[in-house]
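J.: 3D, please:
(chains A, B, C and D)
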Protein chains: 2
Amino acid sequence: MIDARLITLRVFARCGTVGATAELTGYSPSAVSAQLRELQRVLGMQLLTKDGRGLRLTATGRFLVAGSDPLIAQWESLRAAAMEAGDQVQAHLGLGGFSSAAAHLLAPLAATLRSTHPSLEVQVLEAEPARCFDLLIAERIDLAVIVAMQSDSYGEDDPRFEQRVLLDDPLDVIIPGDHPLASRETATLEELASEPWITEAAGSAYHSLFTAAFTAVGVTPRIAHEAVEWETHIAFVGAGLGVGLLPRLAPLHGAENVVRLRLTGRAKPTRRIVAAVRRGSIASPLIQESLRILQVNANRILTARLEEDL
Amino acid sequence: MIDARLITLRVFARCGTVGATAELTGYSPSAVSAQLRELQRVLGMQLLTKDGRGLRLTATGRFLVAGSDPLIAQWESLRAAAMEAGDQVQAHLGLGGFSSAAAHLLAPLAATLRSTHPSLEVQVLEAEPARCFDLLIAERIDLAVIVAMQSDSYGEDDPRFEQRVLLDDPLDVIIPGDHPLASRETATLEELASEPWITEAAGSAYHSLFTAAFTAVGVTPRIAHEAVEWETHIAFVGAGLGVGLLPRLAPLHGAENVVRLRLTGRAKPTRRIVAAVRRGSIASPLIQESLRILQVNANRILTARLEEDL
DNA sequence: ATTACCGTGCAGAATAAATGCATGATTGAC
DNA sequence: GTCAATCATGCATTTATTCTGCACGGTAAT
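T.: Purely as a prediction, here's the structure:
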């Protein structure tokens, strides 16, 4: 309902280049360029200046973008209220989430919504948390499932978003099936302190969670290998290369020679999984329903995992 | 910046029929029909229902329209603030006003703006006050000059508009040149109580002003003739058909056998001339400048008239 | 029953917008 | 200093959207 060109400007304000804006919005770079020029013409404002080989927002441009936050929020709020008042749901819903969330939370959600609202067209995009926020701004998606990261620049008080905690996903430890502790059901980080550890690359989202967990018990782990996908982690462990942490939401799906142990003791690391929406839209019936479904599904998965793997 | 289809819906909410909406917005009826249908499709809301041979807003529709008032106001406010922050003015300005305002206030304003802002395109629409408000909602004009009418449904607190008093235009009395009082400079309503009066049709904007003035002095005038345009009033007076009231802003331009007398005494009727804009836009530099110019011009005309006709 | 009014559907026209490629300008690397 | 990479933009073309004008069907008043 808000002019698409203003949305484009907002995306540009976040990512700073026409090319990136085009990628995020789904337009071509020329279209973005034309939109921004047209926006300035229509409003009679100079919003951008050339800066080297790129563009930069003018003071007016920054002012407009900042001021548009409450405008967008108000529209979302109005739409949500009207939807609720009329007991209706929108025609389209865009969902975004990082890999395992997309697979284990969003896919079931999409399936459920599809059956309860046959006329609703749902679109799921797999994307990293930071990109999810960008996609929310670009209005490509309406609901994002992300891992809460204190390092992120999106605070709980960001005027553009609202966030709700979906669940705290506990990290389990996975060890080779022939490990001395393999017959146990639980373990502590202290017991595994001297093991070779498999983790993600330093600086990644989970790495900080990993180090924080060990700092809490005063142990410095030996990092032997790095992996990005959980599937790779599991394979490394199965090959006897070391031990690792695995979110309970992530399935082992019967991997050879790998057992999952619950972590006990002082350090019980969890990753907090959060749903984020554009501010104002949280009251929308469809969003509310989606949040409920997500939460139910997530809890079901967590308890089911306990019976499967542990 | 707010979707044109929502604007169209707002206009429909005011006038109630597709045809009238088309006339006000400048679209064809088919276009309005298509826009409203499209709006419902995009939002996934049912906003309208068939009602006899016409359309009627649903509860959701009324809710959305009412809720859109602050949305529009916020956009106008943001635009005005950004304009001010960037020291820029918009590219287009639409002005609306009733006949004599259009001729004596808006035309000079347009001329002044044209010279001070060569790139600005100004458009002037002559329209009755009620229609001016509609045109403001339809975003066909940005500034309206109207006669304040307590009977109007537009209060000072309407969430859609903001109003500023431009001037209080005193009503003078016009009498034939061969009238016994013609050599005077002032007169009172009491002195003219027994004269045949020329007024507007009952129910018109000025008629209530007319009766209120006589009620204030406890006299019931004899209404002899009715006229719509001031020029007709003047002609009637010149033909000796009676006496009448004429706003000081309206010129005699040397009519034969008519003299203008200032009204003194207890009843000093004035018509309050007010500028109205969409709420939020009052802070816009161009609106502010226009209001200043209007006020200066109005005062200049009032004082000049004293020297010409009185 | 007839007439006037109102909204809508459709074919075609007009307008607006997006794409893809080529270009110019700038930065950083070698 | 040259070369490659990055970025934005202009233009011709295509594509999508939107508007118009007219005809039609339903509804209310005379």
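J.: quick one, grab the pLDDT at the residue nearest to A:S204 when sequence neighbours are not counted.
T.: What sits nearest to A:S204 in space, not counting adjacent residues and going by C-beta to C-beta, 6 or more residues apart in numbering or on different chains, is A:V228, at 7.7 Å. Every residue, glycine included, has its C-beta placed from N, CA and C. Looking at A:V228, its pLDDT reads 87.
J.: got the phi/psi numbers for A:V228?
T.: phi -100, psi -50 (degrees, to the nearest 10).
J.: against A:E84, how distant is it?
T.: According to C-beta to C-beta, to the nearest Å, A:V228 and A:E84 sit 41 Å apart.
J.: quick one, which of these two is more surrounded?
T.: A direct count of neighbours by other C-beta atoms under 10 Å in any protein chain shown for A:V228 and A:E84 places A:E84 higher, at 17 against 12.
J.: enumerate every residue touching the residue nearest to A:S204.
T.: By C-beta atoms under 8 Å, 6 or more residues apart in numbering or on different chains, A:V228 lies in contact with A:200-201, A:204.
J.: wait, which of the residues you listed is closest to chain B?
T.: Using C-beta to the nearest C-beta, A:S204 is the member of the contacts of A:V228 that lies nearest chain B, at 38.8 Å.
J.: how many residues are close by that closest one?
T.: As a burial measure, A:S204 scores 13 neighbours (other C-beta under 10 Å).
J.: give the contact list for A:P196.
T.: Contacts of A:P196 by C-beta under 8 Å, 6+ apart are A:222-225, A:241-243.
J.: buried subset of those?
T.: Buried members of the contacts of A:P196, scored by 16 or more other C-beta atoms under 10 Å in any protein chain shown, are A:223, A:225, A:241-243.
J.: and chain B, which of these reach it?
T.: Contacts with chain B are made by none of those, judged by C-beta under 8 Å from any C-beta of the partner chain.
J.: for A:Y206, which non-adjacent residue is spatially closest?
T.: In this structure, A:Y206 finds its nearest non-sequential neighbour in A:E200, 4.9 Å apart by C-beta to C-beta, 6+ apart.
J.: what pLDDT is listed against the one you found?
T.: A:E200 is assigned 87 on the pLDDT scale.
J.: correct me, but it touches A:H225?
T.: No: if you go by C-beta atoms under 8 Å, A:E200 and A:H225 don't touch, sitting 10.3 Å apart.
J.: would the longest helix along chain A count as contacting DNA strand D?
T.: The residue-count maximum for a helix in chain A (DSSP state H) belongs to helix A:59-86. No: using C-beta under 7 Å from any atom of the strand, helix A:59-86 never reaches DNA strand D; the gap is at least 12.6 Å.
J.: what does the following helix or strand past that helix rub up against?
T.: Per DSSP states H and E, the first helix or strand lying C-terminal to helix A:59-86 is strand A:92-97. For strand A:92-97, contacts defined as C-beta under 8 Å, 6+ apart pick out A:102, A:105-106, A:109-110, A:113, A:120-127, A:131-132, A:135-136, A:139-146, A:286, A:290, B:44.
J.: mind listing which of those are in strands?
T.: Within these, residues falling in strands by DSSP state E are A:121-126, A:143-146.
J.: so which two of those are the farthest from each other?
T.: Farthest pair in the ones in strands among the contacts of strand A:92-97 (C-beta to C-beta) is A:E121 and A:I146. Separation: 22.9 Å.
J.: how about the residues of the stretch 1-150 of chain A near DNA strand C?
T.: Contact residues (C-beta under 7 Å from any atom of the strand) of the stretch 1-150 of chain A with DNA strand C: A:4, A:26-31, A:34-35, A:38, A:52-53.
J.: ok, and which of those residues reach chain B?
T.: When these are filtered against chain B using C-beta under 8 Å from any C-beta, no residues are retained.
J.: how is chain A carved up into domains?
T.: Domain segmentation of chain A under automatic domain parsing yields A:1-88, A:168-271.
J.: and those as JSON lines, adding distance to B:S68?
T.: JSON lines is the format used below for the domains of chain A (distance: least, C-beta to C-beta, whole Å):
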{"stretch": "domain A:1-88", "distance to B:S68": "7"}
{"stretch": "domain A:168-271", "distance to B:S68": "40"}
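J.: lowest mean pLDDT across these, which one is that?
T.: Among these, domain A:168-271 scores lowest, at a mean of 90.
J.: filter the contacts of strand A:92-97 down to the buried ones.
T.: Among those, the ones that count as buried by 16+ other C-beta under 10 Å are A:102, A:105-106, A:109-110, A:113, A:120, A:122, A:124-127, A:131-132, A:135-136, A:139-146, A:286, A:290, B:44.
J.: what about the residue nearest to A:Y206, how many neighbours?
T.: Using other C-beta under 10 Å, A:E200 is surrounded by 22 other residues.
J.: list the contacts of it.
T.: Per C-beta under 8 Å, 6+ apart, neighbours of A:E200: A:206-207, A:210, A:226-228.
J.: save those as CSV, and put in distance to DNA strand C and secondary structure too.
T.: Shown next, in CSV, are the contacts of A:E200 (distance: C-beta to the nearest atom of the strand, whole Å; DSSP: H, G, I helix; E, B strand; the rest coil):
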residue, distance to DNA strand C, secondary structure
A:Y206, 29, helix
A:H207, 26, helix
A:F210, 31, helix
A:E226, 25, strand
A:A227, 29, coil
A:V228, 26, coil
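J.: state the pair within these that is farthest apart.
T.: Based on C-beta to C-beta, the longest span within the contacts of A:E200 runs between A:F210 and A:V228 and measures 13.4 Å.
J.: close enough to count as contact, A:L55 and A:Q40?
T.: No: the pair A:L55 / A:Q40 is not scored as a contact, 11.3 Å apart, by C-beta under 8 Å.
J.: could I get the full set of strands for the stretch 151-300 of chain A?
T.: Counting by DSSP state E, counting those that start in this stretch, the segments of the stretch 151-300 of chain A that form strands are A:161-176, A:186-188, A:196-199, A:222-226, A:243-247, A:258-264, A:270-278.
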